[in-house]
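> model the structure of this input:
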Amino acid sequence: MAHNGTENQKSRRTLPLPEPLEAVLKKRHKQQLEEKLKAGDRWIEKGLVFTTRHGKAVNPSTPNSQLNRILESAGLPPCRVHDLRHQAASILLAQGIISDVLGHADISTTANIYAHVMPTLKEQAIAALNRVLTAQG
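Here you go, the predicted model:
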């Protein structure tokens, strides 16, 4: 599958999903199956999760526009979808995942020692996100 982002093959990995996100993606999958049926022969299969009603990739600015409409209606400042990655990392850090799990006094020690995240740490990080997301819901 072609990938147009700046990431490389090393950045592609399998991660466990927080339960609220899993539910959203299952709902999206059902919607997409319905869209595929409606589109019939006009559907272009690209293996994407978020698509136009005919299976093509959405315009890259669309997710940011949609996110900012939601944020504005909630009285929150605008941000980009990519900024959510940094916010998730901040939540994990606030939950104490890095220092508590690894026993490091500061994040720079962890960053200097580890180049990747072990599967058990991924699961703990997702569990922390689950706690935060379900507490917010």
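> where's residue 59, which helix or strand?
For residue 59, there is no helix or strand it lies in under DSSP states H and E.
> what number of residues lie near it?
Residue 59 is surrounded by 10 other residues when neighbours are defined as other Cβ atoms under 10 Å. From N, CA and C alone the C-beta is placed, and that goes for glycine too.
> mind checking how far it is from residue 50?
As judged by Cβ to Cβ, to the nearest Å, residue 59 and residue 50 stand 11 Å apart.
> again, but for residue 77
Using Cβ to Cβ, one obtains 23 Å as the distance from residue 77 to residue 50.
> how about residue 80?
Using Cβ to Cβ, one obtains 15 Å as the distance from residue 80 to residue 50.
> where do the helices of this protein begin and end?
When secondary structure is read from DSSP state H, the chain shows helices at 19-39, 61-73, 81-94, 97-102, 107-113, 119-136.
> who's more crowded, residue 77 and residue 50?
More neighbours surround residue 50 than the other of residue 77 and residue 50, with 12 against 7 (other Cβ under 10 Å).
> can you get me a residue count around residue 135?
Residue 135 has 7 neighbouring residues, counting by other Cβ under 10 Å.
> quick one, what contacts residue 53?
Residue 53 makes contacts with 35, 38-39, as judged by Cβ atoms under 8 Å, 6 or more residues apart in numbering.
> one more time with 10 Å, if that's ok
Residues touching residue 53, when contacts are defined by Cβ atoms under 10 Å, 6 or more residues apart in numbering, comprise 32, 34-36, 38-39, 42-43.
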